[in-house]
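Undergrad: Pasting the sequence and the predicted model now:
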Amino acid sequence: MDAKKRMLATLVGFVVLFVLGWIFYGMLLMDFYMANSGSASGVHRADDDMVWWALIVGNIMQAYLLVYIFGKWANISTFSGGVMAGGTIGFIYGLAYSLIMYSTSNLYNLTATLVDPFVAGIMMGITGGVIGWMLGRK
C-alpha cells in the first residue's frame with residue numbers, strides 16, 4: 001500500500017475520531033462522565049484549558065494505529081471489515097486502558113470505567129469502517 005493512501009486514510013480517520021470524540025465526550029456523555037469522575041469538579045478541562053496539540057496528535061496516532069494494523073497485518077479494505085476490526089480493537093484497548101486507570105488513578109469510578117470501553121469500541125468501529133473503506137478505494 002502506498003504512502004499517499006496511508007496518509008489520506010490516517011487524515012480521514014483523524015477527522016472522524018475528532019468529531020466523534022466531540023459528539024460523545026463533549027456533548028452526549030459529558031454529564032455522565034462528570035457525574036462518574038473521581039473528583040467533584042470532574043476531570044474534563046474547560047475549553048480554554050484544552051491542550052489542543054496533544055488532542056490532535058493523540059487522535060492522529062489512534063487513526064494511524066488502525067491504518068497500520070489494517071494495511072500491514074490484517075489486509076482490511078472494506079467498511080464492514082474495518083467496523084468489526086476497529087470496534088474490537090477499540091473495545092479491548094479501551095477496557096485495558098480504563099481498568100489500568102481505574103486501578104491507579106481517580107479518573108473515573110467503576111461505572112464510567114465499564115462504560116468507556118463501549119464508547120471507545122463504537123468510536124473506533126466507525127473510524128475503522130471509514131479507514132477500511134479508504135484503504136480499499138482504487
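TA: Received it, and whenever you're ready, just let me know what you need.

Undergrad: May I have the helix or strand of the chain with the lowest mean pLDDT exported as PDB, CA atoms only?
TA: The weakest-scoring helix or strand in the chain, judged by mean pLDDT, DSSP states H and E, is helix 30-35 (a mean of 89). Coordinates of each C-alpha in helix 30-35 appear next as PDB, following Å, rounded to 0.1, in the frame of the first residue of the first chain:
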ATOM      1  CA  MET A  30     -20.300  14.900  29.200                       C
ATOM      2  CA  ASP A  31     -22.700  15.000  32.200                       C
ATOM      3  CA  PHE A  32     -22.300  11.200  32.600                       C
ATOM      4  CA  TYR A  33     -18.600  11.400  32.800                       C
ATOM      5  CA  MET A  34     -18.700  14.500  35.100                       C
ATOM      6  CA  ALA A  35     -21.000  12.600  37.500                       C
END
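
Undergrad: Of all the residues in it, which ones are buried?
TA: Buried positions in helix 30-35, judged by neighbour count with 16 or more other C-beta atoms under 10 Å: Y33. (Glycine included, C-beta is placed from N, CA and C.)

Undergrad: packing partners for that helix?
TA: helix 110-136 (3 or more C-beta pairs under 8 Å, 6 or more residues apart in numbering; DSSP states H and E).
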